[in-house]
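>>> Sequence and predicted structure, then a few things I'm wondering about:
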Amino acid sequence: MPPGQLRVYLGAAPGVGKTYKMLEEGHRRRDRGTDVVIGFVECHGRRHTEALVEGLEVVPRKTVNYRGASLTEMDLDGVLAREPDVVLVDELAHTNVPGSSNAKRWQDIQDLLEAGITVITTVNIQHLESLNDVVTQITGVPQRETVPDAIVRGGEQIELVDMTPEALRRRMAHGNVYKPEKIDAALGNYFRVGNLTALRELALLWLADKVDDQLDRYRADHNISTTWETRERVVVALTGGREGNTLLRRAARIAGRSKGADLLAVHVARTDGLAGADPAHLARQRVLVESLGGTYHQVVGTDIPTALLDFARGVNATQLVLGASRRGRLAQIFSPGVGVTTTAESGPIDVHLVTHEEVKRGRARVTLTHGLTTGRRVTGFALATLGMPVLTVALTQLRRDLSLPSDILLYLGAVVAVALVGGLYPALVAAIAGFLLLNWFFVPPIHQFTIAERENLLALLVFLLIAAAVSVTVDRSARRTSDAARARAEAETLSTLAGSVLRGSRPLPSLLDQLRETFQLTGVTLLERRDGAQSGPDLQRDPAAWRVTAAVGDQPCLTPAQGDADVLVDEQVSLVLRGHPLAAADRRVVEAFAAQAAVALRQERLEERAAAVGPLAEVDRLRTALLSAVSHDLRTPLASAKAAVDSLRSPDVEFSDVDRDELLATADESLERLARLVENLLDMSRLQAGALAMSPQLISVAEEIPAAVGDLGDAGRQVDIRIPDDLPEVHADPALLERALVNLLSNALRYSPPDQPPMVTASEHGGRVEVRVIDHGPGVPAADWARIFLPFQRLGDRDNSTGVGLGLALSRGLVEAMGGTLIPDTTPGGGLTMTLSLPAAEPATDSLGQAADPAILDHIDHWRIGEQAGEQGARA
């Protein structure tokens with residue numbers, strides 16, 4: 001069965017009409033005879049949306065019990081059993097209630113698509129995973145429910161339900177989005193004009209990228225290679241020279257003239273691997289293009305203009321930026337060059353030839369290294385000097401048996417042999433010597449440098465030219481072989497460099513250490529110029545002008561002048577090497593190391609800034625969560641207490657004694673609840689500040705547990721307590737331990753079913769006293785155990801009527817402050833078990849090893865506390 005199709009209605013914000021459009025599409029398809037059902041629709045009390053539900057078949061929802069509450073979700077099994085052609089499913093990013101078939105609704109939709117059912121769904125732009133942090137930054141509201149972008153992009157149709165911010169705010173003011181009591185708060189917070197405008201732009205840009213992908217697929221499927229100027233795309237060609245920075249900035253300015261234009265940088269590497277691209281320059285230019293908002297690409301091609309235009313057409317580029325040619329006029333006569341050829345063959349792509357400072361310096365020459373060693377060259381000269389006379393002597397003995405053409409061929413073979421052994425210059429010496437020896441000994445008239453026949457003169461000249469050409473070819477081949485081997489070694493070095501940086505937890509030290517090992521250096525130091533250091537002749541020798549950013553090996557260099565070589569990374573950073581002078585052939589690779597060092601340094605600085613900003617962001621998150629969570633819990637007891645007091649003070653109503661006592665009890669209960677909330681908040685703030693006051697002493701857990709249960713009032717009577725009589729004492733603060741137990745028991749009571757009340761057990765194991773608070777409620781998945789201890793976290797709760805989410809976080813903080821632990825676990829048969837563990841107190845002994853009297857022990861304990869307080873006062 002072919003999979004079903006996915007259609008997504010995308011909106012910039014709630015209330016733009018996504019669900020309405022989805023239901024309209026459902027009616028249109030039903031009217032055409034398609035079997036359409038509603039799998040899940042959330043109307044939010046909007047009467048126009050509810051009216052469109054009429055007339056469409058609705059698959060009944062299923063009820064899921066979670067933590068004592070009954071919640072409804074889409075019945076996935078029911079929809080699959082119904083087997084409709086099309087199903088309407090609202091809220092693609094919705095998180096299902098724990099215990100459902102899938103954790104997320106988009107996973108339910110995937111199951112429906114695999115079953116061959118077409119799905120029509122809705123989602124807001126703030127729920128896309130890639131835009132989650134951007135939306136949070138714009139609105140200040142974190143989005144907990146997200147959907148992977150790939151799920152939405154995989155839809156066959158994505159339709160944007162668009163509405164201007166002003167129209168959406170008018171719709172909200174008319175009561176068509178939220179209930180009247182929520183309108184003012186929404187208009188003043190999330191639905192501000194600026195927020196809605198930014199979200200609308202995000203939705204439009206995201207959808208434009210999706211349309212762009214569809215266009216690329218269409219052009220590829222239909223083999224369309226011509227450029228369609230649907231969006232400005234500026235491609236800049238990089239040669240690896242110094243002019244690349246100028247070209248990139250110019251291309252960025254061109255791209256900046258059009259809203260949403262793309263900037264792409266491309267370097268064409270030749271297939272022979274011998275082009276003169278500087279890897280250090282390319283590395284810096286890659287960082288630059290990424291900082292300008294562009295992307296870097298590298299392609300391989302034999303013909304640079306063809307490879308460049310193939311890339312430009314492949315990305316649907318509209319403009320191409322090239323550097324002006326550095327070749328001389330004479331060279332341009334014989335070959336038009338890359339710029340001219342690319343311009344002539346570009347077709348509809350606009351080509352910009354940008355002048356730069358490197359033009360007047362001429363074309364950078366690529367020098368080939370010496371292909372042969374000195375020993376082989378000496379051997380070649382010796383062979384030419386000795387071998388040619390020996391060959392001459394041998395041929396004179398065979399003068400009657402061999403003709404002149406045979407002699408010429410044998411001399412040519414000797415020249416080739418010398419070229420293979422010694423290279424160009426020994427071969428040229430052998431060729432000239434062979435020319436002269438042939439003329440003197442074998443060309444009539446013999447023993448004269450005159451030639452009687454023109455045919456013999458032609459043969460000797462051809463011999464000399466062929467010998468020279470073969471010598472040059474053999475020597476160049478050897479040089480290119482050497483260069484290719486060196487290029488391969490450099491590539492392997494850079495590959496190893498990249499691998500060590502990626503695998504290292506600290507990229508900068510790993511990179512410097514790799515550089516030291518590769519070039520057998522004793523030390524590598526990365527120096528950074530201090531702020532305010534003045535340029536001058538003594539800058540390279542002034543230790544006060546530099547600071548060591550990173551160093552490996554022996555004693556770091558304090559100035560660039562202290563090293564055997566230094567490579568300037570940029571105006572502020574210098575890489576200093578110690579151990580031996582740097583060979584000129586190695587400088588290119590070292591410059592690549594230096595460029596990567598600059599990138600690694602920038603990454604470390606960004607990580608340091610992120611680490612510094614992290615605590616501030618956490619504080620801001622806690623503050624936001626506090627205001628959001630506490631608002632209800634502060635208002636509710638205050639409103640109840642105020643209503644009770646106002647009723648008692650009202651002269652218009654005469655209350656009976658029973659009513660008066662009930663109102664007083666309500667006010668007292670509300671104020672007590674408010675006092676507990678404030679006390680929890682203060683204790684949490686003290687815990688986070690490390691200023692919680694404690695009075696540790698020897699206490700009995702067997703006595704603290706009943707006291708904590710008693711603090712729960714009537715609800716505490718349900719708790720099943722099972723504590724052994726021989727439980728050892730612990731060293732803890734009785735008030736803090738009692739509060740931690742009360743919070744744990746309250747949480748267990750809240751989620752325990754009526755027929756299975758929570759249980760408290762205690763035992764001693766391995767020198768620790770463990771108290772277990774056991775409930776048989778819905779439990780918490782192991783993946784969420786860490787989250788339940790976060791402040792203001794009410795895992796899975798749909799409202800804030802059950803507290804601000806401080807209970808477990810405060811309990812763990814109090815227990816850890818007393819040197820204990822609080823660990824969650826799964827209750828056998830279902831539920832959550834919280835294990836509170838404290839070190840058991842060791843029985844005190846006197847000087848003879850006898851157990852001390854409990855009264856004396858208590859006296860000594862109070863004396864120690866007083867002594868410590870006196871010492872702290874003396875220090876103050």
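Alright, I've got the coordinates.

>>> Where does the prediction get shaky in the stretch 451-600 of the chain?
Low-confidence regions of the stretch 451-600 of the chain, defined by pLDDT under 70, span residues 452, 456, 482-506, 584-585.

>>> those strands in it, which residues are they?
Taking DSSP state E, counting those that start in this stretch as the test, the strands found in the stretch 451-600 of the chain are 523-529, 546-553, 565-568, 573-578.

>>> Direction included, what does the first one pair against?
Going back to what we said before, that points to strand 523-529. According to DSSP bridges, strand 523-529 forms sheet pairs with strand 546-553 (antiparallel), strand 573-578 (antiparallel).

>>> With Thr306 as the reference, name the closest of those.
Thr306 lies closest to strand 573-578 among the strands paired with strand 523-529, at 37.8 Å (CB to CB). Every residue, glycine included, has its C-beta placed from N, CA and C.

>>> Contacts for that closest one, please.
Outside of strand 573-578, the residues within contact range by CB atoms under 8 Å, 6 or more residues apart in numbering are 515, 519, 521-529, 546, 549, 553-554, 557, 559-560, 562-569, 590, 593-594, 597-598, 601.

>>> Buried members of the residues you listed into ChimeraX, please.
Buried residues within those, by 16 or more other CB atoms under 10 Å, are selected in ChimeraX with:
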select :515,519,521,523,524,525,526,527,528,529,546,549,553,557,559,560,562,563,565,566,567,569,590,593,594,597,598,601
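
>>> Give the residue spans of the stretch 301-450 of the chain that score low on pLDDT.
For the stretch 301-450 of the chain, residues meeting the criterion pLDDT under 70 lie at 326-335, 358-372.

>>> Recalculate using a threshold of 80.
301-302, 325-337, 356-374, 423-424, 443, 449-450 (pLDDT under 80).

>>> Confirm Asp755 sits in a helix?
No - assessed by DSSP: H, G, I helix; E, B strand; the rest coil, Asp755 does not belong to a helix; its assignment is coil.

>>> Show the contacting residues for it.
With CB under 8 Å, 6+ apart as the criterion, no residue contacts Asp755.

>>> what helix or strand does Lys210 sit in?
Applying DSSP states H and E as the criterion places Lys210 in helix 193-221.

>>> Name the secondary structure element that contains Thr122.
Applying DSSP H and E as the criterion places Thr122 in strand 118-124.

>>> just checking, what packs against that strand?
strand 6-11, helix 18-31, strand 86-89, helix 105-114 (3 or more CB pairs under 8 Å, 6 or more residues apart in numbering; DSSP states H and E).

>>> among the ones you listed, which is nearest Asp538?
Among those, the nearest to Asp538 by CB to CB is strand 6-11 (63.1 Å).

>>> Put the alpha carbons of that closest one into PDB.
Presented in PDB, the C-alpha positions along strand 6-11 are these (Å, rounded to 0.1, in the frame of the first residue of the first chain):
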ATOM      1  CA  LEU A   6       0.700  15.000   4.300                       C
ATOM      2  CA  ARG A   7      -0.700  18.400   4.000                       C
ATOM      3  CA  VAL A   8       0.300  21.000   6.600                       C
ATOM      4  CA  TYR A   9      -1.400  24.400   7.300                       C
ATOM      5  CA  LEU A  10       1.400  26.600   8.700                       C
ATOM      6  CA  GLY A  11       0.700  29.700  10.800                       C
END
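
>>> Go ahead and name everything in contact with that strand.
The contact list for strand 6-11, computed with CB under 8 Å, 6+ apart, reads 17-19, 21-22, 25, 92, 109, 113, 118-125, 152, 154-161, 203, 206-207.

>>> got the angle between that strand and helix 105-114?
Put simply, strand 6-11 runs at 150 degrees to helix 105-114, going by axes from the mean of the first three to the mean of the last three CA atoms, to 10 degrees.

>>> buried sites along the helix or strand just after the strand holding Thr122?
Note on strand 118-124: by DSSP H and E, the next helix or strand toward the C-terminus is helix 132-139. Residues Asn132, Val135, Ile138, Thr139 are the ones in helix 132-139 that count as buried (16+ other CB under 10 Å).

>>> Name the next helix or strand downstream of helix 132-139, please.
Where DSSP H and E defines the elements, the next helix or strand beyond helix 132-139 is helix 149-153.

>>> Direction-wise, compare the following helix or strand past that following helix with strand 118-124 and give the angle.
The element immediately downstream of helix 149-153 (helix or strand, assigned by DSSP H and E) is strand 157-161. In terms of direction (the same axes, to 10 degrees), strand 157-161 departs from strand 118-124 by 40 degrees.

>>> Show me what strand 157-161 is packed against.
Helices and strands touching strand 157-161, by 3+ CB pairs under 8 Å, 6+ apart, are strand 6-11, helix 18-31, helix 193-221.

>>> buried set for it?
Applying a neighbour-count criterion of 16+ other CB under 10 Å, the buried positions in strand 157-161 are Ile158, Glu159, Leu160, Val161.

>>> what's the spacing between the helix or strand just after that strand and its chain's center?
For strand 157-161, the following helix or strand on the C-terminal side (DSSP H and E) is helix 165-173. Centroid separation for helix 165-173 versus its chain: 37 Å, with CA atoms, centre = their mean, to the nearest Å.

>>> With stretch 104-111 instead?
Using CA atoms, centre = their mean, the offset of stretch 104-111 from its chain centre is 26 Å.

>>> Give me the buried stretch members for it, please.
For stretch 104-111, a neighbour-count test (16+ other CB under 10 Å) marks Lys104, Arg105, Trp106, Asp108, Ile109, Gln110, Asp111 as buried.

>>> could you redo these as TSV and give each row pLDDT and distance to Asp784?
Converted to TSV, the buried residues of stretch 104-111 look like this (pLDDT from 0 to 100; distance: CB to CB, whole Å):
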residue	pLDDT	distance to Asp784
Lys104	92	15
Arg105	94	19
Trp106	94	20
Asp108	94	20
Ile109	94	24
Gln110	94	23
Asp111	94	23
